[in-house]
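>>> what follows is a predicted structure for the sequence shown.
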Amino acid sequence: MDFDGALNKSGGFGRFQKILALVFLTTATAHFTCNHMAQVFLLIVPEHYWCPLVVSNGNGSFEDSSGVGSDAPVFVRQSCLLEFGSGTSDRNGTTTDYCEGGWYYEYNDLYPTMSTENNWVCGDAWKQYVLHTTFWIGSMSGYVTSGFLADKFGRKVAICVLATISALANLIPLFINQHLGLAIARLVAGMGAESVCSTIFVLVMEFTIPERRTLIGFVWAFSWTLMASAYPWYADLIQSWRGLVITNSALSAVILVLLWFVPESPSWHLTAGRRDKAVAILTKIARVNGLRDISEDDFKALQVPDMFVLQRQHARASHLGLNVYGTYSIAIAFELPVNLFTIMALDRLGRRWPNVAFMFVGGAVSLVMALIRTGG
């Protein structure tokens with residue numbers, strides 16, 4: 001009996017697998033979505049910000065933009081530019097990298113973020129890009145780390161370690177404001193941002209019979225699209241970057257609680273030579289699926305399973321002519337019909353050609369958009 005046969009014997013796609021997909025996988029997708037999208041909304045800056053200047057016109061009074069004399073500061077509303085008052089027209093439009101008194105931000109629908117609270121704009125704009133870069137470096141290293149941990153110590157250990165460090169690292173920015181410390185915190189947070197979900201996805205797949213694995217991919221893609229489309233409005237609702245990182249940590253904690261009730265992959269136990277543990281888990285799954293008369297003896301002929309490879313699509317948002325929340329929400333919502341078409345195509349056309357076609361079209365469109373944007 002191969003491993004897929006053992007899964008069918010334990011109930012196929014029964015109650016256990018459905019709960020695992022609808023509860024555990026969707027929670028993991030929420031964790032992935034919030035960490036992925038939060039990286040944008042933690043560091044986003046308003047379109048307009050300027051340096052408030054007080055400029056004398058020679059008689060002790062000041063001029064505002066309307067030309068009416070007053071003793072109020074002149075607020076210059078050009079990002080990274082200085083426009084001094086009357087009598088200094090030769091210096092108008094001068095670019096400035098720093099503002100001694102602190103930049104003034106025109107938030108409108110936005111809110112103070114890590115970037116604006118630390119004035120990471122103009123001459124210090126590189127600091128926000130450092131945090132972006134370190135986060136994605138952490139994300140890439142997280143995949144390598146999760147692969148090693150999952151193969152060496154099991155799927156549950158990998159999930160537990162990465163979810164724990166993700167929860168702690170997301171909270172660190174609440175207590176420090178040094179740039180180096182924040183960069184390290186985002187690096188560590190990135191390690192668990194996406195790898196937790198991918199490891200859970202693998203774990204759920206290993207509990208799923210071949211006939212239903214496409215459905216699991218659909219559950220992941222559909223829930224990602226819905227959650228990612230809704231996330232910008234969640235950020236708009238709470239209006240706090242601190243609330244976003246706390247949300248990330250809370251989801252990591254929820255995953256750790258759910259993990260307590262999820263067994264280790266019997267497939268991994270088999271490849272690690274722990275056949276008895278694999279059989280015991282399959283027997284428990286069968287009973288959860290309503291097969292009360294099954295015993296460990298029914299899995300005596302169980303053999304080591306063949307390995308299979310999983311692929312994951314990575315979503316990206318683009319800029320539209322809307323406010324920042326609508327831009328990201330609508331851009332990601334366009335993935336829904338594509339996801340539906342892809343799921344139907346996979347079962348009819350196989351995995352290779354739909355992937356090749358979508359990658360080619362996506363790359364071509366991205367290149368055209370880049371050329372149009374450069375030309376404009």
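Yep, it's here.

>>> so where's the stretch 151-300 of the chain uncertain?
Applying pLDDT under 70 to the stretch 151-300 of the chain picks out residues 293-300.

>>> quick one, strands of it?
For the stretch 151-300 of the chain, no strands are identified by DSSP state E, counting those that start in this stretch.

>>> what ranges do the helices span in the stretch 201-350 of the chain?
Per DSSP state H, counting those that start in this stretch, the stretch 201-350 of the chain carries helices over the ranges 213-238, 241-259, 266-271, 275-288, 324-333, 335-349.

>>> between the ones you listed, which gets nearest to residue 186?
The minimum distance between residue 186 and the helices of the stretch 201-350 of the chain falls on helix 241-259, with 9.9 Å, by CB to CB. Where C-beta positions appear, they are placed from N, C-alpha and C, glycine not excepted.

>>> may I see the buried residues of the closest one?
Buried residues in helix 241-259, counted by 16 or more other CB atoms under 10 Å: 241, 244-245, 247-249, 251-252, 254-255, 258-259.

>>> list the helices and strands that helix packs on?
Contacts defined by 3 or more CB pairs under 8 Å, 6 or more residues apart in numbering; DSSP states H and E place helix 241-259 against helix 26-43, helix 155-171, helix 195-206, helix 213-238.

>>> at 6 Å instead, please
Secondary-structure packing of helix 241-259 (3 or more CB pairs under 6 Å, 6 or more residues apart in numbering; DSSP states H and E): helix 26-43, helix 155-171.

>>> buried deepest among the helices of the stretch 201-350 of the chain, which one?
Across the helices of the stretch 201-350 of the chain, averaging neighbours per residue (mean count of other CB atoms under 10 Å) puts helix 266-271 on top, at a mean of 22.

>>> restrict that one to CA atoms and write it as PDB.
The C-alpha trace of helix 266-271 is given here as PDB (Å, rounded to 0.1, in the frame of the first residue of the first chain):
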ATOM      1  CA  PRO A 266       2.700  10.900   8.600                       C
ATOM      2  CA  SER A 267       4.500  11.200   5.200                       C
ATOM      3  CA  TRP A 268       7.400  12.900   7.000                       C
ATOM      4  CA  HIS A 269       7.400  10.200   9.700                       C
ATOM      5  CA  LEU A 270       7.600   7.500   7.000                       C
ATOM      6  CA  THR A 271      10.600   9.200   5.200                       C
END
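
>>> where's that helix relative to the chain centroid, distance-wise?
Centroid separation for helix 266-271 versus its chain: 29 Å, with CA atoms, centre = their mean, to the nearest Å.

>>> for stretch 200-208, same thing?
Its chain's C-alpha centre lies 20 Å from the corresponding centre of stretch 200-208 when counted by CA atoms, centre = their mean.

>>> ok, residue 212 to residue 42 distance?
From residue 212 over to residue 42 the distance is 37 Å, taken as CB to CB, to the nearest Å.

>>> more crowded one of those two?
Shown here are residue 212 and residue 42; by other CB atoms under 10 Å, residue 42 has more neighbours (24 against 19).

>>> any idea of the pLDDT on the more buried one?
pLDDT, residue 42: 95.

>>> how near is it to residue 241?
Distance from residue 42 to residue 241, by CB to CB: 5 Å.

>>> give the residues shared as contacts by these two.
Common neighbours of residue 42 and residue 241, counting by CB atoms under 6 Å, 6 or more residues apart in numbering, are residue 114.

>>> check which element follows whatever helix or strand residue 5 lives in along the chain.
According to DSSP states H and E, residue 5 maps onto helix 3-9. Proceeding N to C from helix 3-9, the next assigned helix or strand is helix 15-19, under DSSP H and E.

>>> so what touches that following helix?
Identification of contacts with helix 15-19 by CB under 6 Å, 6+ apart yields 207-208, 285, 288-289.

>>> make a markdown table out of the residues you listed and add distance to residue 3.
Converted to a markdown table, these look like this (distance: CB to CB, whole Å):
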| residue | distance to residue 3 |
| --- | --- |
| 207 | 11 |
| 208 | 11 |
| 285 | 12 |
| 288 | 18 |
| 289 | 16 |
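
>>> biggest separation within those residues, which pair?
Once CB to CB is applied, the contacts of helix 15-19 give 208 and 288 as the farthest pair, at 14.4 Å.

>>> one step back: out of the buried residues of helix 241-259, who's nearest residue 160?
Distance to residue 160 across the buried residues of helix 241-259 (CB to CB) is lowest for residue 259, with 6.1 Å.

>>> OK, contacts around that closest one?
Counting by CB under 6 Å, 6+ apart, residue 259 has contacts residue 159.

>>> give me the mean pLDDT for the helix holding residue 5.
Averaged across helix 3-9, the pLDDT comes to 81.

>>> so which bits of it are buried?
Going by neighbour count (16+ other CB under 10 Å), the buried part of helix 3-9 is 3-4, 6-7, 9.

>>> that one packs against which elements?
Judged by 3+ CB pairs under 6 Å, 6+ apart, helix 3-9 is in contact with no other helix or strand.

>>> centre of the chain to it, how far?
Here helix 3-9 is found 34 Å from its chain centre; the criterion is CA atoms, centre = their mean.

>>> again with stretch 179-186
18 Å.

>>> ok, and what's touching that stretch?
For stretch 179-186, contacts defined as CB under 6 Å, 6+ apart pick out 127, 130-131, 134-135, 169, 172-173.
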